[in-house]
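J.: Got a sequence here, can you model it:
(one chain, ligands or ions: 2)
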Amino acid sequence: MVIFMKLRIVSLPGDGVGPEVTRVALEVLRLVLERAGHELEVDQRLIGWAATQAEGEPLADATIAAALAADGVLLGAVGDPAADRLPPVRRPEAGILRLRSALGCYANLRPAKAYPPLVASSPLKADHVAGTDLVIVRELAGGLYYGRSREVGLGSRRKATDTETYTVNEIRRVAKVAFDLARTRRRVVTSVDKANVLSASRLWREVVIDVATEYPDVECSHMLVDRAAMELVLRSRSFDVILTSNLFGDILSDEAAGVVGSIGLLGSASLGGETAIYEPVHGSAPDLAGRDRANPFGAIVSVALMLRHSFQLEAEAVAVERALERVLVKGLRTADIAALHEAVVGTQAFGAAVLAALAGETGTVAAARSAG
Ligand code: IPM
Ligand code: MG
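T.: Ligands and ions are numbered 1, 2, ... in the order given. Purely as a prediction, here's the structure:
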């Protein structure tokens with residue numbers, strides 16, 4: 001029996017290309033939910049530089065309250081060069097950091113996959129990249145991003161400090177997310193740290209070793225982050241789930257994006273809190289903003305993740321993923337994923353193609369449902 005749901009999400013398009021890719025992603029979400037008979041209500045609000053300009057701060061309390069009460073948050077991107085000189089708490093990025101922490105999202109899943117039609121256009125040799133299918137599980141609510149941070153002194157005596165702190169509980173809870181996820185995949189976890197130098201990393205490794213004993217069916221190994229950065233380029237296929245800290249996860253996820261071809265391809269899910277956040281991994285790309293040039297792929301992948309993780313609509317999530325792959329097979333390319341001499345389409349045309357492909361897919365899902 002299919003139970004129809006009334007789903008309420010908060011949409012935070014943000015800055016730069018955020019609004020363009022979020023618009024497309026929302027159309028996809030709407031179509032899928034409508035076809036499955038669910039109702040969708042979207043509460044659109046501001047974050048980042050857009051919020052600072054209109055509301056005086058990068059994330060208003062009322063926006064946090066709305067997000068806490070919602071079934072999911074779909075975010076675009078934050079950041080604007082005009083805000084570069086602002087103090088840290090007023091920067092657009094502070095909006096996203098505050099949102100993650102206020103919602104309690106501590107586990108950030110960033111899947112990176114080499115799509116067969118794009119393998120040839122990867123900057124790496126095709127046979128290195130083919131078959132890559134990994135997920136980075138990045139700790140998102142602690143570490144260097146949220147440690148004590150200060151700047152003292154004047155002129156040549158200025159001194160700036162950031163600190164990385166992790167507690168056993170913070171490491172344990174995100175490690176469990178990684179091991180649980182590995183159980184739905186190839187059952188291999190690589191925990192990445194810098195335990196040969198940093199104390200927070202040594203604790204990280206000890207706790208992960210301990211959590212691993214609760215998952216005897218999952219293979220767990222530990223790798224130093226410098227080596228991991230190299231292995232990602234040399235042998236990206238060998239990774240299944242990469243578990244790592246906030247800062248290392250930020251860096252390695254951009255690297256993984258480079259390996260599979262473009263940061264425009266990656267979506268993410270930030271889980272563990274009151275409400276989950278879904279957002280593309282790319283930034284606001286101010287140079288592309290308003291020009292119909294951005295790739296909406298990562299934002300649409302994020303919609304698939306929302307369907308899967310927040311709404312438990314696995315068939316619909318798969319339908320979105322398949323529609324994306326079909327559009328690639330058909331040869332549609334936004335500028336970031338086009339090989340030399342390949343024709344390029346804009347954000348909207350790419351989105352329209354995904355919607356068209358999806359119309360076929362959701363038809364199939366509905367038929368399978370009524371048959372079953
Ligand atoms: C990301 C981004 C953010 C981060 C910025 C915008 C604060 O780079 O989501 O990877 O560093 O977490
Ligand atoms: Mg980043």
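J.: show me the residues around A289 that make contact.
T.: Neighbour list for A289: D15, G16, V17, E20 [criterion: Cβ atoms under 8 Å, 6 or more residues apart in numbering]. No exception for glycine: its C-beta is placed from N, CA and C like everyone else's.
J.: Which of those sits closest to ligand 1?
T.: Among those, D15 lies closest to ligand 1 (Cβ to the nearest ligand atom), at 10.0 Å.
J.: Please list all residues in contact with the closest one.
T.: Contacts of D15 by Cβ under 8 Å, 6+ apart are G48, W49, A50, G76, A77, V78, G79, D80, P92, S284, P286, A289.
J.: If we use 7 Å, what do you get?
T.: Counting by Cβ atoms under 7 Å, 6 or more residues apart in numbering, D15 makes contact with G48, W49, A50, A77, V78, G79, D80, P92, S284.
J.: Please tell me I have it right and the fifth one contacts I47.
T.: Yes. Using Cβ atoms under 7 Å, V78 is in contact with I47, at 5.9 Å.
J.: Need the residues touching each of the two.
T.: G14, G95, I96.
J.: would you list those in JSON lines and tack on pLDDT?
T.: Formatted as JSON lines, the shared contacts of V78 and I47 follow (pLDDT from 0 to 100):
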{"residue": "G14", "pLDDT": "98"}
{"residue": "G95", "pLDDT": "97"}
{"residue": "I96", "pLDDT": "97"}
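J.: doesn't P19 make contact with A299?
T.: No. Applying Cβ under 7 Å as the test, A299 and P19 come out as separate, 10.5 Å apart.
J.: Pick out whichever of those two has more residues nearby.
T.: Neighbours per residue (other Cβ atoms under 10 Å) separate A299 from P19, with A299 holding more: 33 against 20.
J.: so what's that one up against?
T.: Counting by Cβ under 7 Å, 6+ apart, A299 has contacts V21, T22, V24, A25, G267, P280.
J.: Can you tell me the SS state at it?
T.: What DSSP: H, G, I helix; E, B strand; the rest coil gives for A299 is helix.
J.: So which of the contacts of A299 belong to helices?
T.: V21, T22, V24, A25 (DSSP state H).
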